[in-house]
Structure formats: C-alpha cells, structure tokens
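Novice: Next come a sequence and a model predicted from it.
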Amino acid sequence: MDTYEAGIYEVVKPGGTELVAANVPDAEALLDPMSDDEVRGRLPGLDVVVKEMRATDERSGGSVGGRLDLGVYLFALLAVTLVSEGALADRS
C-alpha cells in the first residue's frame with residue numbers, strides 16, 4: 001500500500017465496506033510504503049483487500065457511491081442571490 005499519497009481508501013470489513021479519506025501530515029505519520037502483507041499483518045482478523053487507485057484515474061470520481069455534484073446547485077443559488085440583491089437594491 002502506497003501511503004505517500006492522500007486519497008480515498010476502501011476498507012473491507014466483515015460488516016461491509018467503508019470509504020476512508022486519508023490526508024496524513026508528514027509530521028504525524030511514518031510514510032514508508034507498506035506491502036500488502038504488512039497491511040494484512042497489522043489488521044489481524046480482517047479480510048483485507050488492497051486496491052490501487054490514483055487521483056488521476058478516470059474512475060476515481062465515480063468510485064464513491066451516491067456522490068452528488070453540488071456545483072450546479074451552488075451556482076444557481078449564487079445567481080438567484082445576486083439577482084435578488086440587485087432587485088432589492090433598486091427599490092430605494
């Protein structure tokens with residue numbers, strides 16, 4: 001497992017999978033790469049599956065299930081706010 005890069009990691013546990021965001025500061029962690037066997041050794045009793053995914057992969061944005069892009073909605077809210085502000089400012 002490459003721990004030099006921040007990212008979203010999928011942790012497979014007996015109760016299901018969980019997505020974990022990792023952005024580890026250099027001062028707080030040992031950032032040496034771990035092999036798949038080392039990861040499994042540090043998590044005894046869990047069925048560990050290691051998947052490699054980089055932030056530049058095309059599938060990285062769609063890998064988080066149920067993700068909703070809020071950019072369009074936030075832009076529309078900003079536009080409505082600005083138009084409303086302009087209309088209220090002209091009422092003086």
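Specialist: All right, it came through fine.
Novice: And Val11, how far from Phe75?
Specialist: As judged by C-beta to C-beta, to the nearest Å, Val11 and Phe75 stand 34 Å apart. Placement of C-beta: from N, CA and C, glycine included.
Novice: Outside of stretch 68-87 itself, list whatever touches it.
Specialist: Counting contacts by C-beta atoms under 8 Å, 6 or more residues apart in numbering, no residue outside stretch 68-87 touches it.
Novice: Around Gly15, how many other residues sit close by?
Specialist: Counted with other C-beta atoms under 10 Å, the neighbours of Gly15 add up to 6.
Novice: I meant to write Asp37 there.
Specialist: Asp37 is flanked by 10 other residues according to other C-beta under 10 Å.
Novice: what comes up buried for the strand or helix carrying it?
Specialist: Following DSSP states H and E, the helix or strand that holds Asp37 is helix 36-42. Neighbour-count burial for helix 36-42, counted by 16 or more other C-beta atoms under 10 Å, picks out Arg40.
Novice: same question for it, mean pLDDT?
Specialist: Looking at helix 36-42 alone, the average pLDDT works out to 85.
Novice: give me the number of residues near Gly45?
Specialist: Gly45 is surrounded by 7 other residues when neighbours are defined as other C-beta under 10 Å.
Novice: On the three-state scheme, it is what?
Specialist: Applying DSSP: H, G, I helix; E, B strand; the rest coil to Gly45 yields a three-state assignment of coil.
Novice: Which residues does Ala21 form beta bridges with?
Specialist: Ile8 (DSSP bridges).
Novice: Next up, the contacts around it.
Specialist: Neighbour list for Ala21: 6-9 [criterion: C-beta under 8 Å, 6+ apart].
Novice: just to revisit the earlier point, looking at Val11 and Phe75, which is more packed in?
Specialist: The residue with the greater number of neighbours, taking Val11 and Phe75 and applying other C-beta under 10 Å, is Val11; the counts read 13 against 10.
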